[in-house]
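Participant: Predicted model follows, preceded by the sequence.
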Protein chains: 2
Amino acid sequence: MRAVIMHGPGDVRVEDVPAPELVEPTDAIIRVDAACICGSDLWPYRGISPLKRPSRMGHEYIGVVEQVGSEVRDIQVGDFVVGSFMASDNTCEICEAGYQSRCIHVVGMGSIGTQTEYARIPWADGTLVKVTGDITPERRRSLLAASDVLGTGWFAAVAAEAAPGKTVAVVGDGAVGLLGILAASQLGAERIIAMSRHADRQALARRFGATDIVEERGDAGVAAIKEMTGGYGAHSTIEAVGTQEAMEQAIRSTRAGGHVGFVGVSHGVSLDGQELFLSGIHLHGGPAPVRRFLPDLIDRIMNDQIDPGAVFDQTLSVDDAAEGYRAMDERCAIKVMLEF
Amino acid sequence: MRAVIMHGPGDVRVEDVPAPELVEPTDAIIRVDAACICGSDLWPYRGISPLKRPSRMGHEYIGVVEQVGSEVRDIQVGDFVVGSFMASDNTCEICEAGYQSRCIHVVGMGSIGTQTEYARIPWADGTLVKVTGDITPERRRSLLAASDVLGTGWFAAVAAEAAPGKTVAVVGDGAVGLLGILAASQLGAERIIAMSRHADRQALARRFGATDIVEERGDAGVAAIKEMTGGYGAHSTIEAVGTQEAMEQAIRSTRAGGHVGFVGVSHGVSLDGQELFLSGIHLHGGPAPVRRFLPDLIDRIMNDQIDPGAVFDQTLSVDDAAEGYRAMDERCAIKVMLEF
């Protein structure tokens, strides 16, 4: 079967690899209907997170169940499913508390790779959610977004405690930041400030519910947010980049007692303890427990209440994956969908 | 009037200084009934936070109002009052959200000094809370504790979301850590693990509600907490030290989705972004908004529901302040009360 393999920075190939088999009795095998390229896939593509060996890529997916292990109870062959980018048992204390991405049995789907025709899904009952109803092309791409970027943006907005009456600032205009805007809007935030300097992303931000745009970054960006909020700073800030500058911008844009939800995969970030102490903010984030939100997100998608799939501005055959990586790296595409 | 002045590391003197006067119409002048020495006063005493010039010391206080400015409405001459170690207007958006220690008009009482016979209190209406009822010796020392260490321990427990059904770990066995235990107990925590290797502090920890003691520190301390919590870690952790080791111990002792309340004044702490990202914890802390909790804490003290004043294991005349600093520095005393 075909699978996307990264051999090194900038070197993405589609190769023929053996199809996966059931390993654990709690596994399922799915035929991947669509996968996508994630902002986090760009870290190794850019050589910032070097790969030790050629690696299968991808962790986002929708698909149809082909096989299930002997202990799988809830998921059946033929089900159309969405799953989180982190496989989880969904029964341990950590999962029960809603932190499935830190499940004691967690398996990152990135270690398996989903930019491939078939994929093994560990903890199928805990990881996958069955979708019923008419899967239109719009809903299909939105379901794919739910697998990571929507769930991650949603978690960021929840972690930032976006809610009615609140001003939410969003640092990062990639798919996650944009869907954080959508989430904050759905959660009833009064004012949503997108920090972006790209016209196409600004337009999508507004479509998703942003009420204001700030083009400045760093200290100037912080100053702009403060000025728009009576000198206090935002109540809630979403950080969806993962760099030192973005984290500092997020923390400094937030008022004392406010909340920063950070979901950008942290790269080389070091937080000054004294600054954090004096900031008086709440800080929460990490790999999003997408599984917590999936049933609700699927409902909203299947009711056409939200259209997160609008972040996909390029759709390619998996055979053209290398072109997709290039487009995302050069920021010509916000998010690339790969079809099989 | 007499005031405690620190001239440099280990050099504390009681000197005669001019009495304070009203500066702003929102000020009050109080006659200090009692003050105390704080763990944070030890940072300059030990030369870790060098002083630029001889400085008045102290930020905790109870006292009787002697004078009020023309715009003070609620506080009257003759009132017995407790105030936070951070003066606040208690009317700005930050104060209204319960973060009076980050009030836009905040004045740290440490910059004024309360180890002195009389002290100017900025924003008297916003800062001070009147106490009525019979102030017994036990209640008096507890009210003094409310000014900082009780309020700070309480904030730490609230920030750590101590609550029924939860296991709370407490890093730091100074007065704040011990009163964090008392707070966690009052908030209904199921299990409270004090991390301490001093018999006298362990005894007080148990009196305040600790159910378990862990003597190990660092990695061994983390391993002990994990072992006691089914491998998951504590739900809630209070950090009441402020060092790199204590912060790492707190973060690593906490389960994903759990809460760390950190109130140790941060010294040389640098948090690794990736570790924080992967931990999945909530992090909240800083200078405690004691004013938020004061009315409730005063009620609990005046109803003899809590006895936080038990942290004072030495009471000295202000003339013997130098002896008090020495005793706290050498950890011969948990907390020293200074009387006038």
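Facilitator: That came in fine, so what should we check first?

Participant: pLDDT score assigned to the closest residue to A:Ile104 other than its chain neighbours?
Facilitator: In space, and not counting its chain neighbours, A:Ile104 is closest to A:Cys92: 4.7 Å by Cβ to Cβ, 6 or more residues apart in numbering or on different chains. Where C-beta positions appear, they are placed from N, C-alpha and C, glycine not excepted. A:Cys92 is assigned 97 on the pLDDT scale.

Participant: correct me, but A:Cys92 touches A:Arg102?
Facilitator: No: at 9.5 Å, A:Cys92 does not count as touching A:Arg102 under the criterion of Cβ atoms under 8 Å.

Participant: Show me which of these two is the more surrounded one.
Facilitator: Between A:Cys92 and A:Arg102, A:Arg102 has the larger neighbour count (other Cβ atoms under 10 Å in any protein chain shown), namely 23 against 20.

Participant: Tell me the residues of the stretch 151-300 of chain A that contact chain B?
Facilitator: Residues of the stretch 151-300 of chain A found near chain B, taking Cβ under 8 Å from any Cβ of the partner chain as the criterion, are A:230-232, A:242, A:244, A:247, A:255-257, A:262, A:265-274, A:276-287, A:289.

Participant: In helices only, show me these.
Facilitator: The helices, defined by DSSP state H, take in A:Gln244, A:Met247, A:Gly273, A:Gln274, A:Leu276, A:Phe277, A:Leu278, A:Ser279 from those.

Participant: do you know how far the third one is from B:Trp43?
Facilitator: Going back to what we said before, that points to A:Gly273. Distance check for A:Gly273 against B:Trp43: by Cβ to Cβ, to the nearest Å, it reads 14 Å.

Participant: Mutual contacts of the two, please.
Facilitator: B:His267 (Cβ atoms under 8 Å, 6 or more residues apart in numbering or on different chains).

Participant: neighbour count winner among these two?
Facilitator: A:Gly273 (22 against 16).

Participant: where does the nearest residue to A:Ser55 once chain neighbours are set aside land on pLDDT?
Facilitator: With sequence-adjacent residues excluded and distances taken as Cβ to Cβ, 6+ apart, A:Ser55 is closest to A:Met6, at 5.4 Å. At A:Met6, the pLDDT value in this model is 98.

Participant: For A:Asp240, give its distance to A:Ser40.
Facilitator: In this structure residue A:240 is Ala, not Asp. Distance check for A:Ala240 against A:Ser40: by Cβ to Cβ, it reads 11 Å.

Participant: Oops, could you answer that again for A:Asp148 instead?
Facilitator: Plainly put, A:Asp148 is 9 Å away from A:Ser40 if you go by Cβ to Cβ.

Participant: go on, A:Ala203?
Facilitator: The gap separating A:Ala203 from A:Ser40 is 24 Å, by Cβ to Cβ.

Participant: cool, and A:Arg291?
Facilitator: 18 Å.

Participant: which one of the two has more residues nearby?
Facilitator: Neighbours of A:Arg291 and A:Ser40, each counted by other Cβ under 10 Å, are more numerous for A:Arg291; the result is 27 against 21.

Participant: Got the domain ranges for chain A?
Facilitator: Residue ranges of the domains in chain A are recorded as A:2-148+A:289-339, A:152-285, according to automatic domain parsing.

Participant: what helix or strand is A:Gln67 on?
Facilitator: Following DSSP states H and E, one finds A:Gln67 within strand A:62-68.

Participant: Show residues contacting that strand.
Facilitator: Outside of strand A:62-68, the residues that reach it under the criterion Cβ under 8 Å, 6+ apart are A:22, A:27-34, A:75-82, A:118-119, A:124, A:128, A:131, A:140, A:143-144, A:147.

Participant: Sitting in helices, which of the residues you listed do you find?
Facilitator: A:Ala124, A:Arg140, A:Leu143, A:Leu144.

Participant: Show me which residues of the particular helix or strand that has A:Cys95 in it are buried.
Facilitator: Here A:Cys95, judged by DSSP H and E, is contained in helix A:93-96. Taking 16 or more other Cβ atoms under 10 Å in any protein chain shown as the basis for neighbour counts, the residues of helix A:93-96 that come out buried are A:Glu93, A:Ile94, A:Cys95.

Participant: Residues in contact with that helix: which ones?
Facilitator: Contacts of helix A:93-96 with the rest of the structure, by Cβ under 8 Å, 6+ apart, involve A:88-89, A:100, A:102-104, A:126, A:291, B:230, B:232, B:255-257.

Participant: Need phi/psi at A:Arg300.
Facilitator: In this entry, A:Arg300 is assigned phi and psi values of phi -60, psi -40 (degrees, to the nearest 10).

Participant: so what's it up against?
Facilitator: So, once contact is read as Cβ under 8 Å, 6+ apart, A:Arg300 ends up touching A:Gln186, A:Ile306.

Participant: again, 6 Å this time
Facilitator: Residues in contact with A:Arg300 (Cβ atoms under 6 Å, 6 or more residues apart in numbering or on different chains) are A:Ile306.
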